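Visitor: Sequence plus predicted model, see below.
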Amino acid sequence: MTPFGNRIRALRESRGVTLKAMAAELGVSAAYLSSLEHGYRGRPGPGLVLQICGYFNLGWDDAEELKRLADVSLPRVVIDTSGLSPEATEFVNLLGRRVRFLDRAAFRALKETLLESETEPSV
């Protein structure tokens with residue numbers, strides 16, 4: 001499940017909305033909406049994200065968060081390491097092989113490290 005799919009499911013369930021009812025209201029199939037929730041489809045387009053925000057009557061901050069989650073919800077990611085160091089290529093390959101075995105604490109630690117590196121100058 002992607003972060004976007006997880007949030008959509010949580011919104012639906014907290015408001016007692018069925019997948020079928022939401023899909024009909026949005027003009028998409030229940031199968032498509034289910035595949036978005038489960039992460040079997042790529043991220044939704046901005047139009048559908050806006051429709052979902054309207055459907056749930058989300059406030060500005062919640063709508064922005066849903067848009068952000070859609071942006072980071074590609075279920076299949078390709079990382080191009082051409083031109084990077086051998087260490088970078090090794091790290092990305094190792095991460096690709098081991099990501100299934102990481103626990104939440106490891107994800108949090110890696111995410112925190114990566115987010116910190118965005119604000120620091122590259123060396």
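Guide: Here it is on my side, so go on.
Visitor: Now do the SS call for the residue lying closest to Thr18 once chain neighbours are set aside.
Guide: Beyond its immediate neighbours in the sequence, the residue positioned closest to Thr18 (Cβ to Cβ, 6 or more residues apart in numbering) is Arg12, lying 7.6 Å away. The way it works is simple: take the backbone N, C-alpha and C, and place the C-beta from them, glycine included. Arg12 falls in the helix class when you classify it by DSSP: H, G, I helix; E, B strand; the rest coil.
Visitor: Report the contact partners of Arg12.
Guide: Shown in contact with Arg12 (Cβ atoms under 8 Å, 6 or more residues apart in numbering): Thr18, Leu19, Met22.
Visitor: do you know how far the last one is from Ala88?
Guide: Met22 is 41 Å from Ala88, where distance means Cβ to Cβ, to the nearest Å.
Visitor: try the second one
Guide: As judged by Cβ to Cβ, Leu19 and Ala88 stand 41 Å apart.
Visitor: between those two, who's got more neighbours?
Guide: More crowded of Leu19 and Ala88, by other Cβ atoms under 10 Å: Leu19, with 16 against 12.
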